[in-house]
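> Could you work out the structure for the sequence below:
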Amino acid sequence: MEAERPFREWPLEQIAEQALLHPGDRVILTGLADEAGRRPGARAKALEARILRMLDAVDGAPRSAGSAELREMLAAAAREIAMLRARLDAAAAGRAERAAADEPGPHRRVYLTPDAPSWLVAEVRRAFRRRYHPDGHDEPGRRRRAEEVFKRAEAVFAEIERRR
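Reported below is the predicted structural model:
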């Protein structure tokens, strides 16, 4: 078994290094390509392809697919890229539409949904008034802050009433 795969214990980096050290030795390159082909993962497949290209240079005859097959593969890849770009553009356009639709309206500013019933809007308005009415705060700083929030909330509830 050891004679079958002499490079079995080598990491991919060492296989790549040996391939670079022996660019003209067809026997070593064949063994290295075989070992890289047995390994899982994209790095191993890329290394195998690189070693096969080195073997092509040694032999003088290409081992890989013909140029017509490569052109067809590239054309298919270009079509797929174009399709994926179109899908990406469509998704971006849809996302922009959803963002415009999800723009915070008056309901969201007071933690309601646009389909909230009238009784709930009235209760939330009363809760805002109880919590943020300026007369309920003694400290001047808190009173000013409460007055600002109260006025903004009243404007939001007025907008909600106007839209209904």
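> Which residue ranges make up the domains of this structure?
What the record gives for the chain is the domain set 1-71, 106-163, from automatic domain parsing.
> In TSV: those domains, plus mean pLDDT, mean neighbour count and distance to residue 80.
C-beta coordinates here come from the backbone N, C-alpha and C atoms, glycine included. Listed next are these as TSV, based on pLDDT from 0 to 100; neighbours: other C-beta atoms under 10 Å; distance: least, C-beta to C-beta, whole Å:
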stretch	mean pLDDT	mean neighbour count	distance to residue 80
domain 1-71	83	14	15
domain 106-163	91	13	40
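> Turn those domains into JSON lines, columns for distance to residue 88.
Putting the domains of the chain into JSON lines (distance: least, C-beta to C-beta, whole Å) gives the following:
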{"stretch": "domain 1-71", "distance to residue 88": "23"}
{"stretch": "domain 106-163", "distance to residue 88": "29"}
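> mind checking which of these is nearest residue 89?
domain 1-71 (26.8 Å; C-beta to C-beta).
> Help me confirm that residue 43 comes into contact with residue 12.
Yes. Residue 43 is within contact range of residue 12, at 5.9 Å (criterion: C-beta atoms under 8 Å).
> now residue 117: how far from residue 142?
Remark: distance between residue 117 and residue 142 (C-beta to C-beta, to the nearest Å) = 32 Å.
> swap in residue 21?
Remark: distance between residue 21 and residue 142 (C-beta to C-beta) = 78 Å.
> for residue 164, same thing?
To residue 142, residue 164 is 32 Å away according to C-beta to C-beta.
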